[in-house]
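1. pasting the sequence and the predicted coordinates here, then a few questions.
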Amino acid sequence: MNSEPLIIEYSDDGVLRLKGPLTTENCPPFLNAMRRQGWGTMILDLTDVPYIDSAGLGSLVSAYVSSHKAGRRVVLSGVNQRVLKLFEITKVEPLFLIFPTTWDAVEALSNAGTA
């Protein structure tokens, strides 16, 4: 099955930008990218993620659990209504701090220190 590619962009400020759907076919590169990052708080920018399938959701939860065990946090930004609805239906929404934009996330985390 052909899937749209997932492009992963790294930044030096703790933001990992995803572009494309997070699906079964592209979960391994996503999880590898998450494992490589050593930031205390990682902001996942999902602004350009149109949808997430069940495997993608599982990989997000797995990334959350691994990060949490390592004393790190995963914060989400730019989550669209379709993806947010998936989070609500599957009851994973409370796991993540979710901000409307990456700028909002950076600002809130900077102002709160250890929000």
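-> Nice, thanks for sending it over.
2. return the residues in contact with L95.
-> 61, 64 (C-beta atoms under 8 Å, 6 or more residues apart in numbering). Using the backbone N, CA and C atoms, a C-beta is placed for each residue, glycine as well.
3. equivalent analysis for I89, please.
-> Contacts of I89 (C-beta under 8 Å, 6+ apart): none.
4. and it, what are its phi and psi?
-> Phi and psi for I89, reported as degrees, to the nearest 10, are phi -60, psi -40.
5. then M34?
-> phi -70, psi -40.
6. so which helix or strand takes in the closest residue to it other than its chain neighbours?
-> Nearest non-adjacent residue to M34, counting by C-beta to C-beta, 6 or more residues apart in numbering: A63, 4.3 Å away. Assigned by DSSP states H and E, A63 belongs to helix 54-69.
7. centre of the chain versus the very next helix or strand once past that helix, how much separation?
-> Per DSSP H and E, helix 54-69 leads on to strand 73-77 as the next helix or strand towards the C-terminus. Chain-centre distance of strand 73-77: 6 Å, with C-alpha atoms, centre = their mean, to the nearest Å.
8. stretch 11-22 now?
-> In this view, stretch 11-22 has its centroid 8 Å away from the chain centroid, taken as C-alpha atoms, centre = their mean.
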